[in-house]
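Visitor: Quick one: sequence plus predicted model below, questions after.
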Amino acid sequence: MEGPSTGPAESPARDKYLCPVCNAEFAFKNPQRKHVRKQHPEAVRSLVNERASYKCDICTNVVFLHSGELLQHREQNHGFVARRSTHQFSSIEEFQAWKKAEEEKEQTLFSLYSGTKHLASGASKDYLVCHRSGVHVRSGGGMQQPKLVGTVKCNNHCFATMHVTKEDQNVSVEYQAEHYGVVTVGDVHLPEKEGAV
């Protein structure tokens, strides 16, 4: 004996994308975004401000989605002078030696900001940032004693970056060397060679 029929098989539930202003429903995210941009431009500005993580520490309520926009703002409005240069290396080892010398000279380290991006051309791109960039986030829920030495973080966004593109053995670097934020040398993790000074 068969059990009672429940009717036609139900299709799996799809995500619905709602407009945050008027609650219009969309089956896909792109039409929802287009709707918000065209129908509610004022909401786009407020959404950008909520998601933005790059704030100008001089202006009030000036925020950006991308670090490059903040750098451009600081150059145009606050007199920040960037030191940009490009470098070509014929091997990864040559690049690593140059990077190490630059880190020792600048008394900083450059660390990977995100995972390696693989380009359609077969090249890969890494985005390196000054390790002092950012805000120190205390962990442990207040259970641990604060560090006596301090933190390497400058509690701001440091503009020193390296955009590194690797293709075969060739390495090209777009380098912005000027740092931003006040950190004493005592708070910086120096390479071993410099630590003895």
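Guide: Alright, I've got the coordinates. Everything quoted here is computed from the prediction, not taken from an experiment.

Visitor: State the helix or strand in which the spatially closest residue to residue 40 that is not a sequence neighbour lies.
Guide: Once flanking residues are discounted, residue 40 sits nearest to residue 21: 4.4 Å by Cβ to Cβ, 6 or more residues apart in numbering. Every C-beta, even on glycine, is put in place using the N, C-alpha and C of the backbone. Secondary structure from DSSP states H and E places residue 21 outside every helix and strand.

Visitor: contacting residues for residue 28?
Guide: By Cβ atoms under 8 Å, 6 or more residues apart in numbering, residue 28 lies in contact with residue 17.

Visitor: and it, how far is that from residue 39?
Guide: 16 Å (Cβ to Cβ, to the nearest Å).

Visitor: And residue 64, by the same measure?
Guide: Counting by Cβ to Cβ, the gap from residue 64 to residue 39 is 24 Å.

Visitor: just checking, what packs against the helix or strand containing residue 129?
Guide: When elements are assigned from DSSP H and E, residue 129 belongs to strand 124-130. Where contact means 3 or more Cβ pairs under 8 Å, 6 or more residues apart in numbering; DSSP states H and E, strand 124-130 is packed against strand 110-112, strand 117-118, strand 161-167.

Visitor: what lines up beside it in the sheet?
Guide: Strand partners for strand 124-130, identified by DSSP bridges, are recorded as strand 110-112 (antiparallel), strand 117-118 (antiparallel), strand 161-167 (antiparallel).

Visitor: Which of those strands sits closest to residue 72?
Guide: strand 161-167 (13.3 Å; Cβ to Cβ).

Visitor: average model confidence for the closest one?
Guide: Strand 161-167 shows a mean pLDDT of 95.

Visitor: And residue 102, how close does it get to residue 128?
Guide: 11 Å.

Visitor: now do residue 96
Guide: Where residue 128 is concerned, residue 96 sits at a distance of 12 Å (Cβ to Cβ).

Visitor: So for these two, which residue has more residues nearby?
Guide: Regarding residue 96 and residue 128, a neighbour count based on other Cβ atoms under 10 Å identifies residue 128 as having more, with 18 against 12.

Visitor: Quickly note the distance from that one to residue 173.
Guide: 9 Å.

Visitor: who touches both of these two?
Guide: 162-164.

Visitor: Sweet, I'm off.
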